[in-house]
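Participant: Got a predicted model here, sequence first, then my questions.
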Amino acid sequence: MYICVTSYIFYLMDFLHQLGHLGFTARIKRLNERIVASTVAHYSQLHYEIEPNWHVIFLLLKQKEALTVTEISQNLGFSHPAMIKITRKMQERGFLEFYKHPTDGRKTLIRLSKTGLLMLPKFEAEWLRIEQILKEVVADSFLEQLHQLESALVDKGFEERYADKFEKVHANSDFEIRTACPSEFKNIGELMVQVYSGLDGFPKADEQPTYYESLRNIGEFTKNPGAELLVAVSPTGALYGAVLYFADIAYYGAGGTITEQKNASGFRLLAVDPAARGLGVGSQLSQACIDRAISHGHEQLLIHSTSYMKPAQRIYKKLGFKPAPELNFEQNGLEVFGFRLRLK
């Protein structure tokens, strides 16, 4: 049976509208696809070799002059991998240039190239015209509601809200925290890769292959003195989560100055199976590390995290961890932040 495409689209829109909140994300996705397609066609007619959303990078670098990929990602709230792909493509088109930081050779800065600066006034004039069209269909009140939505989800994400609301549903889901057996190392490594590759915006395996190889072979860490791989398992043996604890911080195995700290324990690579979230697995694994640090008589427990691990950071905050900027470092363009829990 033949159905008019336009009528079919309106039918879908009506159906998603009927779904209410369950149709929200699908409507946002479709709206974005339609706007992007229209923008691509518009730029093509103008013979502009730019793509949708490149304007935000142009305007950000006009204001900030030079930033790292991580800083661009954080300023815009886009994923780190997406920013790498976009900035490289903009570089290929001749709009951006990359150069080493004058005082820190580990950092690569990005700025508008001569071509980018030359074309910017022409692009800005067109973006002002596009803005006028958008103002006809997007009310200021909608932008304010969008800001409130984004702020609410940054403050407390979906997973944490779900856990707060429905944690009692899983109250009878018991689990045990114990030292992992060598026979479990392979499954734990697979869980680590699954969890970290699934973090929104976190670098993927093709971007940091060495890091993911260490995740996959996480059992190798236990060959170091004082290193213990802890797991959370259900009564039936299902793997709920895992974390690496280091009684000797010298074997922590990360960048920065953390291994130089005295009288300290540490833990890293905390991962919880998505199916087990809301059970308190992350909190209990962290607490097990705290208990071990106290039993070893250490004065402090040290950890690292990134901006893509907000749920974990909320756990650490509840447990009393405080930011430790002196432990921060950068790894392949990814900013890593240090945290400290005073035990004495």
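Facilitator: Great, that's in hand.
Participant: List the residues that contact the most centrally placed residue in the chain.
Facilitator: Centroid-nearest residue in the chain, with CA atoms, centre = their mean: Y308, separated by 2.6 Å. By CB atoms under 8 Å, 6 or more residues apart in numbering, the contact set of Y308 is H80, L199, D200, G201, F202. All C-beta spots, glycine's among them, are computed from the backbone N, C-alpha and C.
Participant: Quick one: buried ones out of those residues?
Facilitator: Neighbour counting over those (16 or more other CB atoms under 10 Å) leaves H80, L199, G201, F202 as the buried ones.
Participant: the helices in the stretch 201-344 of the chain, which residues?
Facilitator: 209-216, 281-295, 310-319 (DSSP state H, counting those that start in this stretch).
Participant: Tell me which of those helices approaches A227 most closely.
Facilitator: helix 281-295 (11.4 Å; CB to CB).
Participant: For the stretch 1-150 of the chain, which segments count as strands?
Facilitator: 96-100, 108-112 (DSSP state E, counting those that start in this stretch).
Participant: likewise the stretch 201-344 of the chain?
Facilitator: Here the stretch 201-344 of the chain has its strands, by DSSP E, counting those that start in this stretch, at 227-233, 239-246, 264-272, 300-305, 322-323, 329-331, 334-342.
Participant: quick one on the thing from earlier: figure out which of the helices of the stretch 201-344 of the chain is closest to S73.
Facilitator: helix 310-319 (14.2 Å).
Participant: who's in contact with the closest one?
Facilitator: Against helix 310-319 from outside (CB under 8 Å, 6+ apart): 154, 156-157, 159-160, 270, 282-283, 286-287, 290, 303, 305, 339, 341.
Participant: now stretch 190-201
Facilitator: Stretch 190-201 has contacts (CB under 8 Å, 6+ apart) with 73, 78-82, 202, 204-205, 212, 215-216, 218, 239, 241-242, 269, 271-274, 307-309.
Participant: Can you mark which positions in that stretch are buried?
Facilitator: Residues L191, M192, V193, V195, Y196, L199, G201 are the ones in stretch 190-201 that count as buried (16+ other CB under 10 Å).
Participant: which one among the residues you listed gets closest to Q148?
Facilitator: G201 (21.5 Å).
Participant: Once you drop chain neighbours, what's closest to the closest one?
Facilitator: Of all residues beyond its chain neighbours, the one nearest G201 is S79 (3.3 Å), with distances taken as CB to CB, 6 or more residues apart in numbering.
Participant: Now do the contacts for that neighbour.
Facilitator: Contacts of S79 (CB under 8 Å, 6+ apart): S73, D200, G201, F202.
Participant: What separation do you get for the closest residue in space to the last one that isn't next to it in sequence and A125?
Facilitator: What it means is F202. Nearest residue to F202 in three dimensions, chain neighbours excluded: Y308, at 4.3 Å (CB to CB, 6+ apart). Distance of Y308 to A125, given as CB to CB, to the nearest Å: 36 Å.
Participant: now swap in D248 and tell me
Facilitator: From D248 to A125 the distance is 61 Å (CB to CB).
Participant: The two: who's more crowded?
Facilitator: D248 (15 against 9; other CB atoms under 10 Å).
Participant: quick one, what contacts the closest residue to that one other than its chain neighbours?
Facilitator: Excluding its sequence neighbours, the residue lying closest to D248 (CB to CB, 6+ apart) is G226, at 3.8 Å. Taking CB under 8 Å, 6+ apart, we find G226 in contact with F246, A247, D248, Y251.
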